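One predicted model, sequence on top.
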Amino acid sequence: MRFPGFAMNKFARVLAPALLCLAPALVQAQALVPAGKMFSNAFLDVRAPLAGDWMIVKSSQAELAFARTGAAVNESYIAQVTLFALPDLKDQAAFETLVKQGVEADAPADRFKPVSAQYEYSEQRGYPCIKYVGVTEDMKAKTANSATETVTLMLQFNSLYCQHPGVPGVGFMVGLSHRGAALDDNLAKDAEVFIEGVQVAKQTAKPAVQTEVQSPAQPEVKVEEKPQVHPDTQPAGQPEEVEEEVRG
């Protein structure tokens with residue numbers, strides 16, 4: 001997992017997975033990631049999804065995203081991990097407000113129509129987190145066969161937003177999302193598995209991270225040579241690192 005540097009704006013938007021704006025054709029163009037492959041840096045340990053043919057579609061300083069197409073036309077999935085800078089939060093309510101504002105900011109009204117949104121605060125992991133489950137109607141979704149044609153599709157989000165327990169001023173989001181003509185009833189179960197596979201790094205970054213844009217030296221990324229693979233899945237080919245911007 002890249003994001004070896006941590007250069008971010010004073011207040012980074014708390015992102016819902018807007019990468020779902022990518023066209024399915026782009027997803028098909030990348031190399032497959034071995035099921036369960038582990039990616040690690042000084043902040044997080046990330047396990048790639050266990051089931052399905054996933055590709056890396058975004059690898060940057062603060063983001064790692066896997067994607068795959070679905071069985072239906074224009075159907076796609078995103079498994080995403082994002083680091084973001086946190087302001088000084090006074091209490092639980094301030095954190096909840098921050099997450100809600102970030103989610104809403106990432107869905108402009110001229111394109112997205114909210115259908116449902118649920119936020120649940122939790123410290124089950126031992127540090128503050130907020131679970132977000134939402135459905136949004138994308139009224140200008142890109143299609144698989146045209147660079148200009150758009151259709152209306154449904155977006156589902158199952159995400160967890162957390163304050164990093166080892167590095168003040170750092171938050172992270174991990175989530176699984178689906179875009180398609182119909183909702184996926186299994187998304188919540190699949191999201192739970194992916195989210196559980198993203199944990200705070202065993203050797204957490206020691207330097208405090210500033211909320212202003214910085215370019216500090218960071219530890220090199222370490223990728224495990226022999227990742228654990230779920231017995232019900234088979235590894236695919238080696239992934240290629242992708243630097244493309246894939247937002248719609």
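Cool, got the structure. Numbering: from 1, shown residues only.

pLDDT weak spots in the protein?
Low-confidence segments of the chain, defined by pLDDT under 70: 1-30, 203-248.

Show me where it has its strands.
38-40, 44-47, 55-60, 63-69, 76-85, 112-122, 129-142, 150-163, 170-180, 198-200 (DSSP state E).

I'd like the ones you listed written out as CSV, with mean neighbour count and distance to Ala31 added.
Using the backbone N, CA and C atoms, a C-beta is placed for each residue, glycine as well. CSV is the format used below for the strands of the chain (neighbours: other CB atoms under 10 Å; distance: least, CB to CB, whole Å):
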stretch, mean neighbour count, distance to Ala31
strand 38-40, 20, 15
strand 44-47, 22, 18
strand 55-60, 20, 6
strand 63-69, 23, 12
strand 76-85, 25, 16
strand 112-122, 13, 31
strand 129-142, 19, 22
strand 150-163, 21, 26
strand 170-180, 24, 21
strand 198-200, 18, 22
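
Same list (the ones you listed) but as JSON lines, adding distance to Leu187.
JSON lines is the format used below for those (distance: least, CB to CB, whole Å):
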{"stretch": "strand 38-40", "distance to Leu187": "22"}
{"stretch": "strand 44-47", "distance to Leu187": "18"}
{"stretch": "strand 55-60", "distance to Leu187": "18"}
{"stretch": "strand 63-69", "distance to Leu187": "13"}
{"stretch": "strand 76-85", "distance to Leu187": "8"}
{"stretch": "strand 112-122", "distance to Leu187": "13"}
{"stretch": "strand 129-142", "distance to Leu187": "9"}
{"stretch": "strand 150-163", "distance to Leu187": "5"}
{"stretch": "strand 170-180", "distance to Leu187": "5"}
{"stretch": "strand 198-200", "distance to Leu187": "17"}
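
remind me, longest helix of this structure?
Criterion DSSP state H: the longest helix present in the chain is helix 92-105.

buried sites along that one?
Within helix 92-105, the residues that count as buried by 16 or more other CB atoms under 10 Å are 95-96, 98-99, 102-104.

out of those residues, who's nearest Lys142?
Val103 (21.0 Å; CB to CB).

looking at it, that closest one is touching Val133, isn't it?
No. Contact between Val103 and Val133 fails when scored by CB atoms under 8 Å: they sit 10.9 Å apart.

can you list residues touching both of the two?
Common contact partners of Val103 and Val133 (CB atoms under 8 Å, 6 or more residues apart in numbering): 117, 157.

Does Val133 touch Phe157 like I think?
Yes. The criterion here is CB under 8 Å, and Val133 meets it with Phe157 at 6.8 Å.

pull the CA atoms of the longest helix of the chain into PDB?
Presented in PDB, the C-alpha positions along helix 92-105 are these (Å, rounded to 0.1, in the frame of the first residue of the first chain):
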ATOM      1  CA  GLN A  92     -18.100  12.400  20.100                       C
ATOM      2  CA  ALA A  93     -20.700  14.800  18.700                       C
ATOM      3  CA  ALA A  94     -18.000  16.800  16.900                       C
ATOM      4  CA  PHE A  95     -16.700  13.600  15.300                       C
ATOM      5  CA  GLU A  96     -20.200  12.600  14.200                       C
ATOM      6  CA  THR A  97     -20.800  16.000  12.700                       C
ATOM      7  CA  LEU A  98     -17.500  15.900  10.800                       C
ATOM      8  CA  VAL A  99     -18.400  12.500   9.200                       C
ATOM      9  CA  LYS A 100     -21.900  13.600   8.200                       C
ATOM     10  CA  GLN A 101     -20.600  16.800   6.700                       C
ATOM     11  CA  GLY A 102     -17.900  14.900   4.700                       C
ATOM     12  CA  VAL A 103     -20.400  12.400   3.400                       C
ATOM     13  CA  GLU A 104     -22.800  15.100   2.300                       C
ATOM     14  CA  ALA A 105     -20.100  17.200   0.700                       C
END
